[in-house]
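Student: Got a predicted structure here, sequence first:
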Amino acid sequence: ATAYSHVSGAPMRKQSDDEIIDGIMDLEEGSKVILLAPLVKGRKGHYRELFEQVGKQGFQRVRIDGDIVEIEKDMKVDRYKTHDIEVVVDRLVIKDGIRSRVSQSVETALGMGSGTLVAHLVEAGEDKLYSRHLFSPEDGVSYDDPSPNTFSFNSPYGACPDCNGLGTKKEIDPDLVIPDRTKTIDESAIAPLGEPRDIWIFAQVRAVADAMGFDFQTPIEQLEEDQLEVLLHGAGDRQFEVVYNYKNRQVTYQHRFGGVHGHIWHTYENTSSNKQRRWAEAYMRNMDCSACGGGRLKPESLSFRIGESNIADLVKMDLIHLREFFDGLELTDRQATIARPIVKEIIERVEFLLNVGVGYLTLDRAARTLSGGESQRIRLATQIGTQLTGVLYVLDEPSIGLHARDNERLIGSLKQLRDLDNSILVVEHDRDMIEAADWVVDLGPGAGEHGGYVVGESAPEDLPLGTNGHASLTTAYLRDERSISVPTDRREGSGETLTLKGARGHNLKGDDFHIPLGTLTCVTGVSGSGKSTLVNQTLYPILAEYFHNALEVPLQYDAIDGLEHIDKVIDIDQSPIGRTPRSNPATYTKLFGHIRTLFTKLPESQIRGYKKGRFSFNVKGGRCETCKGAGIKKLEMNFLPDVYVQCDTCDGKRYNAETLEIKYKGKTIADVLEMSVEEALEFFEHVPRLSRKLRTLHSVGLGYIRLGQQATTLSGGEAQRVKLAKELARPGTGRTLYILDEPTTGLHFEDIRHLLSVLQALVKKGNTVIVIEHNMDVVKVADHIVDLGPDGGEAGGSILFAGTPEEVAEQDSHTGEYLAAELSRVSASADEEEEEVDLDAMADDGDDEDDDAEEEETDSEEQLEEAAG
Ligand SMILES: [Zn+2]
Ligand SMILES: [Zn+2]
């Protein structure tokens, strides 16, 4: 790369000692030259010791701020001014035969001047600068020789000193601090402080208001600029007279005021309470660091460029463009000799990444923001790069998040890995992947209790419809004997539309995004085409802010129309339903509250006076106190991750012996938690309230999970379906907008069928469902498709087409191509009878009497967590 001065932008040069000597010898014959070694450049000081030292070394003259003077005893300069000081090393007249003298003086000057020297041309009155370092003769900036560390934001040699290499800095956002400028302070205009009350910060604000001449009844927008400035940012050293009630006495203090922003910062930096820190963070945003512009490196490091691009520009390119950049690199012969092997390595690695379908990613994407599927595919790419043989690779659902086109590439990469003499074991639901396999092992026949048998084992085309009396659902779907049928007609919806205009976050190109309400709308497009940016990062935050006052900030957009036609938005994502082993599907869906109520109504409970709390494992009373109701105990292992073991007091049952004496139909509360949804459905068949909720869990294909299964052991797809079940149990308004991102993750064909019938049932009630999905089984049943593309990264972000699946299938696009294939395959197969889900049979009567009690438990759960560290 070429280095440029970060001050003037001029290209930098670097010279060997010989080149410097040649440079001086090449000056015009007979010209007078003074060689100077720079010692001080633009710094303040009197420099008495420096002059003394230079004198002792035998030099007689120095140049101070351009004037050459003799060194005298006790010489000094004005300590309050900045100075340039050079020592005169030699005075020469250029002519033949003085090369060895020049050479000696250059060595001395470079030695004293830390590698740089000045040649002053007396007749011309000008200075020429020479340096061993990367050096800009124009402005005197010099850099150390670059090393790999220079370009690492993890190294102090490379990291931007302002943001420590993070590229972003937390800054307080004034719009979050005062969200509504028409409000007055009395009306809680200052969001972080709330309503004025008798606390120290308000005593200060009142003092400032008195001194600056405003009051608490003035809308913020009517404050003078300087009044608002002091209110938010303080007044430096100025003292205010603060009157404060201290122990019922009025005390007056003289006090500085750091502003509301200062108050937030002070709390953020000094508090030891997580709660307080979260409070402060709520008013901050991550902004690009102003020093490095988000490039994370020192200005010097960012001044090395290949062509027009520095390293920060390169890591911001998506891999497709990065590949083009290196392909198009023009190098001189000398550069090519040095760079060719490195460029070859780079291109090879980029190529591996392109082959696993992540060409839309940029190299600067933070690892923690990658989806599970993306990091899995990146690891796969590194493996192909190592060219190892004889390895067994195990992959869990690598197709997650992949468009059919990218999936095809991924399958190609896996075959490449296989052909290097490796074995690959893939756990997968995806049809293309199964059909591409050399060998398939099919487990089943059902899920959970009903599974666990090998129901088929062969090459995919020879899979039997069943083995040992167990039928194979997988084979039935692969042979199209069972399939997810295509609806005969597509809904047009209510006629109302939600329109998002001008969304331009990340790679989006600002096209209008229309969602016909009352439909199942599917957002499609190859990986990285902008689906998630559009739906999760723009649309959802807008709606969440509008309907639920959420603090999420949407990416850039112009306008949204049609909000009046919906009344709430619900994002059903794959995040866990709880972070501790104490949450489980029963507590999350509030099913457990009803079960506990049932137990209190049993005669024995009535006699003993057992209340609902008795049957909770989160509060004292009925639970096992050894494990505090967790059923497990944490063993801390030195140097190893913590290990959980079953509690030996309660044998993992979570309750004490007295509680377990209470039985409903012969089962204790602990036994009930051990039941699967399916078993519980049968067990509680005659308790309508319970069976309704259980039916929701069953309808989303979760019949096999246990009621008390720890939240932490549920997969993302399972957690998502538990959330969906909870939603189904709510009495609906028929005007809700549901958003689901890849709900088929981890689902077998049969589970997808269940899920789709639930989604269709929601739409049938008038709701709108938006699904981001690659799975053609879902895409083909949508009422409306919005297809993004044409490709990933910068090459994506446009809305290519919107319409029914039949219309999209006719388009010349990646989605169109695969959808057409799917539609023609399915229409050839027998039509299935459509499964109906009756939402009314599942919805609650709306009186969840235990809601409050359940909330209390959630609190105590948090406390327990805090106590546990
Ligand atoms: Zn920075
Ligand atoms: Zn216990």
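Tutor: That came through, no problem. Ligands and ions are numbered 1, 2, ... in the order given.
Student: Mind picking out the helix or strand in the chain with the poorest mean pLDDT?
Tutor: helix 851-868 (a mean of 41; mean pLDDT, DSSP states H and E).
Student: Helix, strand or coil: sort out the closest residue in space to Ala209 that isn't next to it in sequence for me.
Tutor: Computed as C-beta to C-beta, 6 or more residues apart in numbering, the closest residue to Ala209 that is not its neighbour in sequence is Asp215, at 5.9 Å. Glycine gets a C-beta too; all of them are placed from N, C-alpha and C. Here Asp215 is recorded as coil under DSSP: H, G, I helix; E, B strand; the rest coil.
Student: wait, doesn't Asp215 sit right on Val205?
Tutor: No: applying C-beta atoms under 8 Å as the test, Asp215 and Val205 come out as separate, 10.9 Å apart.
Student: Between these two, which is the more surrounded one?
Tutor: Neighbours of Asp215 and Val205, each counted by other C-beta atoms under 10 Å, are more numerous for Val205; the result is 23 against 11.
Student: hmm, who's touching the helix or strand harbouring that one?
Tutor: According to DSSP states H and E, Val205 maps onto helix 200-212. Residues outside helix 200-212 that contact it (C-beta atoms under 8 Å, 6 or more residues apart in numbering): 185, 190, 193, 196, 215-216, 226-227, 230-231, 235, 240-245, 255, 257, 260, 263.
Student: Might you calculate how far it sits from the centre of the chain?
Tutor: 40 Å (C-alpha atoms, centre = their mean, to the nearest Å).
Student: mind checking how far the spatially most central residue of the chain is from Ala336?
Tutor: Against the mean C-alpha coordinate of the chain, by C-alpha atoms, centre = their mean, the closest residue is Thr369 at 3.5 Å. To Ala336, Thr369 is 36 Å away according to C-beta to C-beta, to the nearest Å.
Student: Longest helix in the chain, please.
Tutor: When the chain is parsed with DSSP state H, its longest helix is helix 333-355.
Student: could you pull out the strands for the stretch 251-400 of the chain?
Tutor: Per DSSP state E, counting those that start in this stretch, the stretch 251-400 of the chain carries strands over the ranges 284-288, 304-306, 309-310, 392-396.
Student: show me what contacts Leu331?
Tutor: Contacts of Leu331 (C-beta under 8 Å, 6+ apart): Ala339, Arg340.
Student: mind redoing it with 6 Å?
Tutor: Taking C-beta atoms under 6 Å, 6 or more residues apart in numbering, we find Leu331 in contact with Ala339.
Student: Kindly tell me how buried whichever residue of the stretch 151-300 of the chain sits closest to ligand 2 is, as a neighbour count.
Tutor: Closest contact between the stretch 151-300 of the chain and ligand 2, by C-beta to the ion, is at Asn274 (28.0 Å). Neighbours of Asn274 under the rule other C-beta under 10 Å: 9.
Student: Kindly report the same for Tyr360.
Tutor: Count around Tyr360 with other C-beta under 10 Å applied: 24.
Student: residue ranges for the strands of the stretch 1-150 of the chain, please.
Tutor: Under DSSP E, counting those that start in this stretch, the stretch 1-150 of the chain gives strands at 2-3, 32-44, 61-64, 67-70, 82-93, 116-121, 126-131, 134-135, 142-143.
Student: possible to save those as TSV with distance to Gly293?
Tutor: Listed next are those as TSV, based on distance: least, C-beta to C-beta, whole Å:
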stretch	distance to Gly293
strand 2-3	18
strand 32-44	26
strand 61-64	38
strand 67-70	41
strand 82-93	29
strand 116-121	29
strand 126-131	28
strand 134-135	22
strand 142-143	19
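Student: closest to ligand 1 out of those strands?
Tutor: Of all these, strand 142-143 comes closest under C-beta to the ion, at 17.9 Å.
Student: Can you tell me which helices and strands the next helix or strand after that closest one packs against?
Tutor: As assigned by DSSP H and E, the chain's next helix or strand after strand 142-143 is strand 168-172. Strand 168-172 makes packing contacts with strand 284-288 when contacts are defined by 3 or more C-beta pairs under 6 Å, 6 or more residues apart in numbering; DSSP states H and E.
Student: Where does the stretch 301-450 of the chain get nearest to ligand 1, which residue?
Tutor: Leu302 (9.8 Å).
Student: coming back round to it: could you flag which of the contacts of helix 200-212 are buried?
Tutor: Those of the contacts of helix 200-212 that meet the buried threshold are 185, 190, 193, 196, 227, 230-231, 235, 240, 242, 244, 255, 257, 260, 263, by 16 or more other C-beta atoms under 10 Å.
Student: tell me which of those residues is nearest to Thr382?
Tutor: His263 (47.7 Å; C-beta to C-beta).
Student: Number of residues surrounding the nearest residue to the closest one once chain neighbours are set aside?
Tutor: Spatially, and ignoring its direct neighbours in sequence, His263 is nearest to Ile201 (5.8 Å; C-beta to C-beta, 6+ apart). Residues within reach of Ile201, counting by other C-beta under 10 Å, total 16.
Student: could you check the distance from Ile201 over to Ile264?
Tutor: 10 Å.
Student: so who does the residue in the stretch 601-750 of the chain positioned nearest to ligand 1 touch?
Tutor: Nearest residue of the stretch 601-750 of the chain to ligand 1 (C-beta to the ion) works out as Asp741 at 32.3 Å. Applying C-beta under 6 Å, 6+ apart to Asp741 gives the contacts Ile772.
Student: What residues are bridge-paired with it?
Tutor: Ile772 (DSSP bridges).
Student: before we move on, what about Arg43?
Tutor: His83.
Student: Spell out which parts of this structure neighbour ligand 1.
Tutor: Cys160, Asp162, Cys163, Cys289, Ala291, Cys292 (C-beta under 5 Å from the ion).
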